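Enquirer: just a sequence and a predicted model for now, questions to come.
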Amino acid sequence: QVQMQESGPGLVKPSQTLSLTCTVSGVSITTNDYYWNWIRRAPGKGLEWMGFISYTGTPYYSPSFRSRTAISRDTAKNHFTLQLNAVTPEDTAVYYCARFVNSRKGYDTWGQGTQVTVSS
């Protein structure tokens, strides 16, 4: 059974860098066909896709976040991370990690989400 769990600070100050980790169990993040995503939901808004890192380790970002986002991975720990620079209160959201299965063209596993608040 594949499980995904987000972790990181719940509170970040404006202008700082937000770092979140998604730990995956039950499957290797290097397994062919899987893309490992970060998605967020801000208060009162819909889901917003931020980017992914592929099973080969190649990241790809939404144009909305490309300038201040980095997604990386640690295959030894079987986790991947999100760094979002220069955060503002508008980055307050619940952040999710999710697995996209390319052969099925859909997301099949999500973490429970972690609340991040940007405030001084």
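Expert: Looks like it arrived, so ask away. Residues are numbered from 1 along each chain as shown.

Enquirer: drop to CA atoms for contacts and neighbour counts, all remaining ones
Expert: Will do.

Enquirer: who's in contact with Ser120?
Expert: Val12, Lys13, Pro14 (CA atoms under 8 Å, 6 or more residues apart in numbering).

Enquirer: contacts only, for Leu20.
Expert: By CA under 8 Å, 6+ apart, the contact list for Leu20 reads Glu6, Ser7, Gly8, Pro9, Thr81, Leu82, Gln83.

Enquirer: again, only this time at 6 Å
Expert: Remark: with contacts taken as CA atoms under 6 Å, 6 or more residues apart in numbering, Leu20 is in contact with Ser7, Gly8, Thr81, Leu82.

Enquirer: among these, which are located in helices?
Expert: Per DSSP state H, helices hold no members of those.

Enquirer: of all residues in this protein, which one is nearest the centre?
Expert: When the chain is reduced to its mean C-alpha position, the closest residue under CA atoms, centre = their mean turns out to be Trp38, at 2.6 Å.

Enquirer: circling back to that earlier point, which one of the contacts of Ser120 is nearest Val24?
Expert: Compare each of the contacts of Ser120 with Val24 using CA to CA and the shortest gap goes to Val12, at 24.0 Å.

Enquirer: just for the chain, where's the confidence low?
Expert: Counting by pLDDT under 70, the chain has no low-confidence residues at all.

Enquirer: for stretch 79-97, measure first residue to last.
Expert: Across its full length, stretch 79-97 reaches 11 Å end to end, with CA to CA, to the nearest Å as the criterion.

Enquirer: buried ones in it?
Expert: Buried residues in stretch 79-97, defined by neighbour count with 16 or more other CA atoms under 10 Å: 79-82, 84-85, 87-88, 91-97.

Enquirer: and the residue lying closest to Ala86 once chain neighbours are set aside, how many neighbours?
Expert: Counting by CA to CA, 6 or more residues apart in numbering, Ala86 lies nearest to Ser15, which is 4.1 Å off, once chain neighbours are set aside. Counted with other CA atoms under 10 Å, residues neighbouring Ser15 total 14.

Enquirer: now Ser15, what are its backbone angles?
Expert: With angles defined as degrees, to the nearest 10, Ser15 shows backbone torsions of phi 80, psi -10.
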